[in-house]
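> Would you be able to build a 3D model of this:
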Amino acid sequence: MSDIPAYVVVSPCRDEADYMQITLDSMVSQSWRPTLWVIVDDGSSDATPDILRRYQADHPWIKIVTRQNRGHRAVGPGVVDAFWAGHAEIDLQDYDYIVKLDLDLDLPADYFKTVLGRMQADPRMGTASGLPYVPVDGGQPVPEGAQWDVSAGMTKIYRRVCFEQIGGIRRGVMWDGIDCHLARMNGWKVIAYDDCDAVRFLHLRAMGSSQKSIWTGRQRHGAGQAFMGTSWWYMAVSAVFRMLKPPYLLGGLLMYWGYLKSRLSGQPRFEHPGFRRFLRRYHWLILTRGRQAAVDMTEAEYAGAFDPERREKLPS
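Residues are numbered from 1 along each chain as shown. Next comes the predicted model:
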């Protein structure tokens, strides 16, 4: 156990009875278990609390935090609020890594051993994950379509110092893109690995479908891109690309509509010195040079900003 870095997992959840036992079992079976797993029950009204109590009774490294039922599921800001409620229950200085983990996943037994082992070997790796796959009836799981240049939102592993320097995760849709861009601005590397079975996990519920429907999720993604500061031209290219994937045509149109509706209605945007300029240059490099070149060029350009000794105070 001495070779295992100290890491804490925080899992926001609400009404996850249909999936959570698979995630719980896959965590119990990890070859590198967390020092502590804080699960925040965000006002569940199904069997979630009963299931959590059973697992907590058998595994003392699981801690349950219960929040009041707010009456509805709220992805994005609601998930981040629940995450911070879990964060409030720990002393982050006791850990080398902090993980945000959803409860609708099936993780390989060596998932954390593999990803954390690679992060340990590269001191500049600030946030990492594997990539999500979706089960297919009667066939092999297929990639869900997430990009490898950002760590996956449903299972993000942060080096503690990186997490502190970027100010943790922001309240709002697209928090899981903002964090990766802020990490690169601070000289850190970011990746979602997809080169072996140990880092490929099953996402048991389709991305963007957890609140109302996948149609709502596509519009919410577009609104999130507007909040993050994505330019109209990059969003247009992204929407066309999405039209070529299920749900064909309509998925991309809804994404762009969500983006336009947010921009035209004057919704607030993420404000951080130099962030929007950084983001748009990164997107331009993706379109003109390709994603791999964009990552390599950006991480080389910002290498001078890397300072693991710098300590920041997280927002209260």
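
> list the buried ones in stretch 245-261?
By 16 or more other C-beta atoms under 10 Å, the buried positions in stretch 245-261 come out as 251-260. All C-beta spots, glycine's among them, are computed from the backbone N, C-alpha and C.

> And the contacts of that stretch?
Identification of contacts with stretch 245-261 by C-beta atoms under 8 Å, 6 or more residues apart in numbering yields 145, 214-215, 218-223, 225-226, 230, 232, 235-236, 238-244.

> Show me the buried residues of stretch 245-261 that map onto helices.
251-260 (DSSP state H).

> Return the member of those nearest to residue 277.
Distance to residue 277 across these (C-beta to C-beta) is lowest for residue 259, with 19.2 Å.

> For residue 88, see how far away that closest one is.
Residue 259 sits 33 Å away from residue 88, going by C-beta to C-beta, to the nearest Å.

> Closest one to residue 81 out of the ones in helices among the buried residues of stretch 245-261, please.
residue 258 (21.6 Å).

> Nearest spatial neighbour of that closest one, chain-adjacent residues omitted?
Residue nearest to residue 258 in three dimensions, not counting chain neighbours: residue 222, with 2.9 Å by C-beta to C-beta, 6 or more residues apart in numbering.

> Please apply the same query to residue 244.
Take residue 244 and drop its neighbours on the chain: the residue closest to it by C-beta to C-beta, 6+ apart is residue 252, 7.8 Å away.

> just residue 148 next, same as before
Spatial nearest neighbour of residue 148, chain neighbours left out: residue 192 (4.7 Å); criterion: C-beta to C-beta, 6+ apart.

> how about the one you found, what does it touch?
The contact partners of residue 192, by C-beta under 8 Å, 6+ apart, come to 128-131, 146-152.

> do the same with residue 170
Taking C-beta under 8 Å, 6+ apart, we find residue 170 in contact with 80, 178-179, 270.

> rerun that using 6 Å as the cut-off
By C-beta atoms under 6 Å, 6 or more residues apart in numbering, the residues touching residue 170 are residue 178.

> For it, give its distance to residue 178.
Distance, residue 170 to residue 178, using C-beta to C-beta: 5 Å.

> now do residue 90
For residue 90, the distance to residue 178 (C-beta to C-beta) stands at 22 Å.

> what are the ranges of the helices in the stretch 151-300 of the chain?
In the stretch 151-300 of the chain, the helices defined using DSSP state H, counting those that start in this stretch lie at 160-165, 175-185, 214-228, 232-243, 250-264, 275-289, 291-301.

> Of all those, which one is nearest residue 15?
Closest of the helices of the stretch 151-300 of the chain to residue 15 is helix 214-228, at 16.6 Å (criterion: C-beta to C-beta).

> picking that back up, among the contacts of residue 192, name the ones in strands.
When DSSP state E defines the strands, the subset of those inside them is 128-129, 131.

> Sort out which one of those residues lies nearest residue 299 for me.
Among the ones in strands among the contacts of residue 192, and counting by C-beta to C-beta, the member closest to residue 299 is residue 128, at 13.2 Å.

> Pull the contacting residues for that closest one.
By C-beta under 6 Å, 6+ apart, residue 128 lies in contact with 115, 119, 151, 157, 191.

> Among those residues, which one has the most neighbours?
residue 151 (29 neighbours; other C-beta atoms under 10 Å).

> Leaving out sequence neighbours, find the closest residue to that residue.
Residue 151 sits nearest to residue 129 (C-beta to C-beta, 6+ apart), 4.1 Å away.

> what sits against the one you found?
Counting by C-beta under 6 Å, 6+ apart, residue 129 makes contact with 151-152, 155-156, 192.

> and which of those residues is nearest to residue 101?
Nearest member of those to residue 101, counting by C-beta to C-beta, is residue 155, at 5.3 Å.

> tell me, how many neighbours does the closest one end up with?
27.

> what about it, distance to residue 289?
Separation of residue 155 from residue 289 (C-beta to C-beta): 29 Å.

> With distance to residue 84 and mean pLDDT as extra columns, can I get the helices of the stretch 151-300 of the chain in JSON lines?
Output for the helices of the stretch 151-300 of the chain, formatted as JSON lines (distance: least, C-beta to C-beta, whole Å; pLDDT from 0 to 100):
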{"stretch": "helix 160-165", "distance to residue 84": "12", "mean pLDDT": "97"}
{"stretch": "helix 175-185", "distance to residue 84": "11", "mean pLDDT": "97"}
{"stretch": "helix 214-228", "distance to residue 84": "18", "mean pLDDT": "90"}
{"stretch": "helix 232-243", "distance to residue 84": "29", "mean pLDDT": "94"}
{"stretch": "helix 250-264", "distance to residue 84": "24", "mean pLDDT": "95"}
{"stretch": "helix 275-289", "distance to residue 84": "21", "mean pLDDT": "98"}
{"stretch": "helix 291-301", "distance to residue 84": "28", "mean pLDDT": "98"}
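
> Cool, thanks, talk later.
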